[in-house]
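In: sequence and predicted structure are below.
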Amino acid sequence: LTCGVSSVFPGFVTFQNGVFSGFDVDFCRAIAAAIFGEATDKTLVFRSVMSTERFQLLAEGGIDVLIRVTTATFARDVRESTSGVGFSFTQTIFYDGLAFAGVPSFVDCADNLLTFRECNELKICVTDGTTTLERVEELFENEFIEIQSNYEESLKGLESGLCNVLAADSIALLHPA
């Protein structure tokens, strides 16, 4: 069984000393044990996947199951846009939502959806291929959005000053990679 997981998401997926651990990893192990009677290196492979490639890999058989922070949407159930196919989602196992972090005055701007006066320099880093990006694009004009290839790049964008706010699921902001 090949499980697609996030590269690093503390509490959900960590990789240290050649060993994966975390909630998502344990969930993959439980599936392997249910199928094969055990979860060993012979029955289970973990593959780190980015949000932009996860559905394509699943559709093409590059992974057998996707166990990572992924929003279940009706559109993804019917016809996910990057792969052109629909997917079946399990029962939701973790509820979360959009949050902002970064320079406090600009976080206030983002929280209050303000982009004028002192907020006209707002720049929001957000990860490509996510429902977080979709939501941020609904709320803000493109000039205020900096799209990054993955969460680690979004963090780097905040640290380097490319953006002054980071948009992500609240759990990601509580435990940055």
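Out: Done, it's in.
In: quick one: the helices in this structure?
Out: Residue ranges of the helices in the chain, as given by DSSP state H, are 23-36, 54-60, 74-79, 104-111, 131-139, 151-160, 170-174.
In: nearest to T90, of the ones you listed?
Out: For the helices of the chain, the distance to T90 is smallest for helix 23-36, at 9.5 Å, taking Cβ to Cβ. All C-beta atoms are positioned from the backbone trio N, CA, C, and that covers glycine.
In: which ones are touching L66?
Out: Residues counted as contacts of L66 (Cβ atoms under 8 Å, 6 or more residues apart in numbering) are 3-4, 49, 54-55, 57-58, 87.
In: any chance of those residues in TSV, with distance to E143 too?
Out: Shown next, in TSV, are those (distance: Cβ to Cβ, whole Å):
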residue	distance to E143
C3	39
G4	34
V49	30
R54	28
F55	28
L57	32
L58	34
F87	33
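In: any idea how far the residue sitting furthest away from the middle of the chain lies from G18?
Out: Centroid-distance maximum for the chain: R117 at 31.7 Å, with Cα atoms, centre = their mean. R117 sits at a distance of 52 Å from G18 (criterion: Cβ to Cβ, to the nearest Å).
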